[in-house]
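**Student:** Only the shape, not the letters, is given here:
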């Protein structure tokens, strides 16, 4: 599967895809991608399987029912759009979970191209969100990610449930009190959704606090207008060591997000200054 994704010539140069709908909700999957520039791939020591473990495969599936969608096709090991510009390219192991990535690090010319890619993404994102702000006044951005919980190895114990909710909601950079009606309604809805073999454990700022660049960018540029929620799915929808998907779990997470959309729209309308009754 990995080689097929990397060598798909139809998408070799694709950076991201954007779908524009009529809802005030937008979903993003900025770590879903696995594609790499060929010149960077030739310099890398880290293999495709090692990269896949730290990417967020299948997160694009969770937002397929959202009319507004942005899916990034590039690997975070090419440029990480959820890091600040100056740290968006992993050059040292301490920037990337201790991984030894490069046989030969990229030169300055390549780095400038990658930083420009980062700039281009945020210019595009701002344009899309300005359009949504004009259309709706306020909007919600669901910033989809996933995280590993079996770092002790495929046969080792998983991270304790107390430290690893099934869905971790990150709210660090938002005005939490202002957006409480939206965030609280979203979390309550997710907790009610069916999932194979368990009731979903949805908690806030436990495994992660939502300190990524994208949510920070939204709250900086759209204060009081854009609510960016970092949504981290524990990798109970796949085998994080082999990359094999659990289709039933993926479909259940997708359905949970689909169920939350009218709840989010209703919460936005009900806020002071919204379009509610």
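**Tutor:** Sure thing, it's come through. All of these numbers come straight from a predicted model, not from anything done at the bench.
**Student:** which parts of stretch 133-144 are buried?
**Tutor:** 133, 136, 137, 138, 139, 140, 141, 142, 143, 144 (16 or more other CB atoms under 10 Å). For the C-beta atoms, the positions are set from N, CA and C on the backbone; glycine is no exception.
**Student:** Tell me if the last one really is in a strand.
**Tutor:** Yes - judged by DSSP: H, G, I helix; E, B strand; the rest coil, residue 144 forms part of a strand.
**Student:** tally of neighbours for the residue nearest to it when sequence neighbours are not counted?
**Tutor:** Here the nearest residue to residue 144 in space, its sequence neighbours aside, is residue 59; by CB to CB, 6 or more residues apart in numbering that works out to 4.4 Å. Residues near residue 59, counting by other CB atoms under 10 Å, number 27.
**Student:** residue contacts, residue 59?
**Tutor:** Neighbour list for residue 59: 29, 31, 32, 144, 145, 146, 233 [criterion: CB atoms under 8 Å, 6 or more residues apart in numbering].
**Student:** What helix or strand is the last one located in?
**Tutor:** Meaning residue 233. Taking DSSP states H and E as the definition, residue 233 sits inside strand 226-234.
**Student:** next helix or strand past that strand?
**Tutor:** Per DSSP H and E, the first helix or strand lying C-terminal to strand 226-234 is helix 247-270.
**Student:** Rounded mean pLDDT for that following helix, please.
**Tutor:** Throughout helix 247-270, pLDDT has a mean value of 98.
**Student:** hmm, back to that, the buried residues of stretch 133-144 into a markdown table, with extra columns for distance to residue 165 and pLDDT?
**Tutor:** Formatted as a markdown table, those follow (distance: CB to CB, whole Å; pLDDT from 0 to 100):
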| residue | distance to residue 165 | pLDDT |
| --- | --- | --- |
| 133 | 31 | 98 |
| 136 | 30 | 97 |
| 137 | 32 | 97 |
| 138 | 27 | 98 |
| 139 | 25 | 98 |
| 140 | 20 | 98 |
| 141 | 21 | 99 |
| 142 | 16 | 98 |
| 143 | 16 | 98 |
| 144 | 15 | 98 |
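**Student:** Which members of the residues you listed are the farthest-apart pair?
**Tutor:** Taking CB to CB as the measure, those span a maximum distance of 23.7 Å, between 137 and 144.
**Student:** Now residue 128: which helix or strand?
**Tutor:** When elements are defined using DSSP H and E, residue 128 is found to belong to helix 108-136.
**Student:** Which elements pack onto that helix?
**Tutor:** Packed against helix 108-136, as judged by 3 or more CB pairs under 8 Å, 6 or more residues apart in numbering; DSSP states H and E, are the following elements: strand 16-19, strand 25-29, strand 68-72, strand 139-147, helix 213-221.
**Student:** Next, the angle helix 213-221 makes with the third one.
**Tutor:** Calculated by axes from the mean of the first three to the mean of the last three CA atoms, to 10 degrees, strand 68-72 forms an angle of 130 degrees with helix 213-221.
**Student:** helices or strands next to strand 68-72 in the packing?
**Tutor:** For strand 68-72, the packing partners by 3+ CB pairs under 8 Å, 6+ apart come out as strand 16-19, strand 25-29, helix 108-136.
**Student:** circling back: quick check: buried residues in the helix holding residue 128?
**Tutor:** Under the neighbour-count criterion of 16+ other CB under 10 Å, helix 108-136 has 114, 117, 118, 121, 125, 128, 129, 132, 133, 136 buried.
**Student:** hmm, which helix or strand of this protein has the shakiest average pLDDT?
**Tutor:** The helix or strand with the lowest mean pLDDT-type score in the chain, counting by mean pLDDT, DSSP states H and E, is helix 2-6 (a mean of 36).
**Student:** before we move on, the earlier item: out of the helices and strands packed on helix 108-136, the one nearest residue 183 is which?
**Tutor:** Residue 183 lies closest to strand 139-147 among the helices and strands packed on helix 108-136, at 9.2 Å (CB to CB).
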